[in-house]
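Visitor: After the sequence you'll find the predicted model.
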Amino acid sequence: MNLYGQLFYTFTKIGLFTIGGGYAMLPLMVKEIVERKHWFEPKEFVDALAISQSLPGIFSVNISILTGYKLKGYRGSIVATSGTILPSFLIILLIAVFFRQFSENIYVAKIFNAVRPAAVALIAVPVFTTAKGIGINLKTIIIPVAAAVLIWYWGVSPVYIILVAAVIGSVFRNKRVDK
């Protein structure tokens, strides 16, 4: 299979076999595009993840765009993105067509309730494995925890936190370069 086919197949599989979307896709993305295909190094994937989260849109689509572009330019990004969104589009289309027939079914409601904790676990696992893989420790965890507390408890806008972090990061980066 050529690289376009691999891109489409890989991202279709990611889009099809992850329940919960978004962050629930991370474990499969890491396994497929970092560990199996080696399209990204672990630290490079974390950088791509940070970039994709700061761009507008769904981060899984943004990751597919970055991956496809890295490997095959614009055409690769279109192929990878198509693979990512096609399963969701088709599933939502089927749900829209048949939802009214099943919306009151008690078994369907139980299935949705059972899937929720699994989605939380699918989000938590890559957070811990990625943190471990890039060397996050107690010293480096202070910034994200402080940012979360500022947003959650004091209602500080994430925009301000990002701007302050960018300034602080630039200052410390320049000091390291000067040495």
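Guide: Arrived safely.
Visitor: Dump stretch 26-35 to CSV, restricted to CA.
Guide: C-alpha atoms of stretch 26-35 as CSV (Å, rounded to 0.1, in the frame of the first residue of the first chain):
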residue,chain,number,x,y,z
LEU,A,26,-5.1,10.0,21.6
PRO,A,27,-4.2,6.4,22.7
LEU,A,28,-4.8,5.1,19.2
MET,A,29,-3.1,8.1,17.6
VAL,A,30,0.0,7.5,19.7
LYS,A,31,0.0,3.8,19.0
GLU,A,32,-0.5,4.2,15.3
ILE,A,33,1.4,7.3,14.2
VAL,A,34,4.2,7.3,16.8
GLU,A,35,4.8,3.6,17.9
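Visitor: Could you list the buried residues of that stretch?
Guide: By neighbour count on 16 or more other Cβ atoms under 10 Å, the buried set for stretch 26-35 is 26-30, 32-34. Placement of C-beta: from N, CA and C, glycine included.
Visitor: Run the chain-centre distance for that stretch.
Guide: 10 Å (Cα atoms, centre = their mean, to the nearest Å).
Visitor: for stretch 51-71, same thing?
Guide: Distance, centroid of stretch 51-71 to centroid of chain: 9 Å (Cα atoms, centre = their mean).
Visitor: List the contacts of it.
Guide: With contact meaning Cβ atoms under 8 Å, 6 or more residues apart in numbering, stretch 51-71 is reached by 3, 7, 11, 14-15, 21-22, 25, 29, 33, 39-40, 48-49, 75-81, 83-85, 162.
Visitor: tell me which of the buried residues of stretch 26-35 is nearest to Val149?
Guide: For these, the residue nearest Val149 by Cβ to Cβ is Leu26; the value is 23.2 Å.
Visitor: residues touching the nearest residue to Thr10 once chain neighbours are set aside, list them.
Guide: Of all residues not flanking Thr10 in the chain, Glu32 sits nearest, at 5.2 Å (Cβ to Cβ, 6 or more residues apart in numbering). Neighbouring residues of Glu32 by Cβ under 8 Å, 6+ apart: 10, 13-14.
Visitor: Can you give me the domain assignment for this structure?
Guide: For the chain, automatic domain parsing gives the domain ranges 3-136, 137-179.
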